[in-house]
Each structure stands twice: as structure tokens, then as C-alpha cells.
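Trainee: here is a sequence together with a model predicted from it:
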Amino acid sequence: MTSTAGILSGQTAIITGAGSGLGQAIALALATDGARIAVTELPGKEHLAATTVAAIEAAGGSAVALPLDVRVLASIDACVDAARETFGRVDILVNNAGLNIRQAAFDVTEEAWDTVLDVNLKGLFFMAQRSARVMRDQAPAGGCIVNVASIMGLVGYKDRAAYCASKGGVVNLTRVLAYEWATIPIRVNALCPTFVMTPMTAPLLNDPIAGGDLLSRTPQGRFADPEDVAQAARYLISPGARMVTGIALPVDGGWTAV
């Protein structure tokens with residue numbers, strides 16, 4: 001990992017769904033830059049958050065594990081309040097929590113649709129709104145929000161009607177928030193990763209048929225790994241991106257270029 005230690009010193013980052021995968025990689029990257037990390041996970045999965053916290057602390061960083069269910073507004077309020085009370089500020093939010101229920105469009109149920117949209121879009125918005133209120137009211141005011149969307153917010157793919165709808169919503173919501181909050185100043189950007197190789201996605205990506213189709217759409221000829229996405233998030237949050245807001249940044253090996 002390339003070190004730019006200290007560029008986020010004194011700043012606090014809340015990262016949703018940071019007990020594993022992309023969220024964990026982003027948490028570790030921002031901690032390397034000196035940020036204090038509020039690691040969130042669903043109630044009942046605190047052990048995953050504790051693993052990320054332990055890794056950050058072992059490397060000399062500061063972190064706390066917090067329960068969060070983005071479908072519940074009271075849980076959002078409690079999480080953001082706890083992060084602010086623990087570290088004194090909220091400077092960075094990475095809206096990483098998300099899920100997918102794969103169904104052909106003819107088979108999508110109302111329950112599945114509502115579950116995907118409640119987490120990926122509704123929960124993301126209210127987490128951003130609550131965190132941004134803290135960013136607005138603290139002194140000095142300001143902050144940075146990164147919404148983890150997907151290339152499925154930019155293109156379509158089979159068996160993902162609800163997921164693609166939710167991630168497309170995240171991309172355009174990001175533009176609205178960037179516009180409304182620019183003068184606070186709060187920068188808001190979206191990350192649009194391709195399929196990322198993690199223990200959870202490995203069975204799909206290693207499947208000769210399903211994985212082969214996905215790989216054939218990627219000019220670089222490989223899937224992303226969590227560090228690829230973490231480094232892109234790191235850039236968007238860094239002072240070097242101070243003039244960057246409202247964008248949807250693909251991290252996709254060229255998928256959306258063709």
C-alpha cells in the first residue's frame with residue numbers, strides 16, 4: 001500500500017458495512033492516511049467490525065466498532081451521534097453498505113425490490129443526510145461523502161433489475177447532493193466498481209460460464225480486488241480531489257469504455 005500518512009490526520013470517517021470486503025479495505029486505507037475510523041456493521045455482526053478495528057489498531061490507528069442498520073432511521077441517528085461523540089467530528093462518510101438479490105425481471109418480488117432499494121438507495125440517502133447535517137453544523141464546517149455505487153449504476157446487466165435501479169439512483173442522487181451541498185462545503189462523489197473478487201463473490205466469479213461472461217466484458221481481463229476500489233476512494237477523499245464533486249468514477253478495468 002502506498003503511504004500518504006497523515007493527510008487525513010484529525011479527521012473522522014464513518015464507513016458503513018466495513019466488517020469485510022470493500023468496506024474493510026477502504027477503512028484500512030483511510031486509517032493509513034491518519035483518519036479515525038467508525039467501523040459499522042449490522043447488529044449481530046459486531047464480530048466482523050471488531051476484526052477491522054483490531055487490524056486498524058494493530059497498525060497504530062484509531063477505530064471504534066458501531067452497530068448500524070441503514071434501513072432504520074433511529075439506528076442511523078445513533079450511529080452518527082456515537083461517532084461524533086467518540087471522535088468529536090464527522091468529516092468523511094463512505095456509504096458502502098449494500099446488497100443484491102439476483103432475480104430475472106419477470107421474477108422480481110415486491111419484497112426483494114423493497115429490500116434492495118431500502119438498503120442501497122433509501123438507507124444510503126438518509127445516512128448521507130444525517131452525516132451531512134453534522135458536517136454542516138460543526139466548526140469548521142465541511143466534509144466529504146463517497147457513495148459506493150456500481151458499474152450497474154451506469155450500464156445494465158441481467159438478473160439485477162432492482163440492483164441496477166438502486167445503483168442508478170445512487171449515481172444521480174450523488175449529483176444532486178454535490179450540487180446542493182457544494183457551498184458548505186461538502187463534496188459528494190460516487191464510486192462505480194466492477195465485480196470485485198472477495199470470498200463472498202468468488203463462487204460466482206470463478207464459475208466458468210457466469211464468471212467467464214463477466215470477464216469477457218472487461219478489457220483489462222481481470223476482476224477488481226478490494227484494494228483497487230479502496231485506492232479510488234482514497235483519492236476522492238484526499239485533498240488532491242478538492243475540486244472534484246458530483247462525479248461517478250468507474251473502477252472497472254474498461255467495462256464502461258466499450
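Mentor: Here it is on my side, so go on. Residues are numbered from 1 along each chain as shown.
Trainee: what segments of this protein are strands?
Mentor: For the chain, the strands defined by DSSP state E occupy 12-15, 36-41, 63-67, 92-95, 143-148, 186-193, 248-251.
Trainee: partner strands of the fifth one, parallel or antiparallel?
Mentor: Read it as strand 143-148. Next to strand 143-148 in the sheet, as set by DSSP bridges, lie strand 92-95 (parallel), strand 186-193 (parallel).
Trainee: do you know which of those lies nearest Gly246?
Mentor: For those, proximity to Gly246 was assessed by Cβ to Cβ; strand 186-193 is nearest, at 6.7 Å. C-beta: built from backbone N, CA, C; applies to glycine.
Trainee: most tightly surrounded among the strands paired with strand 143-148?
Mentor: strand 92-95 (a mean of 28; mean count of other Cβ atoms under 10 Å).
Trainee: closest one to Ala78 among the strands of the chain?
Mentor: Ala78 lies closest to strand 63-67 among the strands of the chain, at 8.0 Å (Cβ to Cβ).
Trainee: Gly246 and Asn189 touch, don't they?
Mentor: Yes. Checked against Cβ atoms under 8 Å, the pair Gly246 and Asn189 is within contact range at 6.9 Å.
Trainee: columns mean pLDDT and distance to Lys167 on top of the strands of the chain, output as CSV?
Mentor: Listed next are the strands of the chain as CSV, based on pLDDT from 0 to 100; distance: least, Cβ to Cβ, whole Å:
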stretch, mean pLDDT, distance to Lys167
strand 12-15, 98, 18
strand 36-41, 98, 20
strand 63-67, 98, 25
strand 92-95, 98, 12
strand 143-148, 98, 9
strand 186-193, 98, 8
strand 248-251, 98, 10
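Trainee: where in the chain is pLDDT low?
Mentor: The chain contains residues with pLDDT under 70 at 1-5.
Trainee: how about the helices in the stretch 101-250 of the chain?
Mentor: For the stretch 101-250 of the chain, helices defined by DSSP state H, counting those that start in this stretch occupy the ranges 110-117, 124-137, 161-181, 202-205, 210-216, 226-237.
Trainee: of all these, which gets the most neighbours per residue?
Mentor: Comparing the helices of the stretch 101-250 of the chain by mean count of other Cβ under 10 Å gives helix 226-237 as most buried, with a mean of 21.
Trainee: between strand 143-148 and it, find me the angle.
Mentor: If you take axes from the mean of the first three to the mean of the last three Cα atoms, to 10 degrees, helix 226-237 sits at 150 degrees to strand 143-148.
Trainee: report all helices and strands that helix 226-237 contacts.
Mentor: Helix 226-237 makes packing contacts with helix 21-32, strand 92-95, strand 143-148, strand 186-193, strand 248-251 when contacts are defined by 3 or more Cβ pairs under 8 Å, 6 or more residues apart in numbering; DSSP states H and E.
Trainee: of the helices of the stretch 101-250 of the chain, which approaches Ile26 most closely?
Mentor: helix 226-237 (4.7 Å).
Trainee: ok, Phe223 to Asp213 distance?
Mentor: As judged by Cβ to Cβ, to the nearest Å, Phe223 and Asp213 stand 12 Å apart.
Trainee: quick one on the thing from earlier: can you redo the strands of the chain as a markdown table with distance to Arg175?
Mentor: Shown next, in a markdown table, are the strands of the chain (distance: least, Cβ to Cβ, whole Å):
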| stretch | distance to Arg175 |
| --- | --- |
| strand 12-15 | 22 |
| strand 36-41 | 25 |
| strand 63-67 | 29 |
| strand 92-95 | 15 |
| strand 143-148 | 11 |
| strand 186-193 | 8 |
| strand 248-251 | 8 |
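Trainee: Leu173: which of those strands is closest?
Mentor: strand 143-148 (7.4 Å).
Trainee: which residues are contacting that closest one?
Mentor: Strand 143-148 is contacted from outside by 22, 90-96, 98, 124, 128, 131-132, 135, 170, 173-174, 177, 184, 186-191, 193, 229, 233, 236-237, using Cβ atoms under 8 Å, 6 or more residues apart in numbering.
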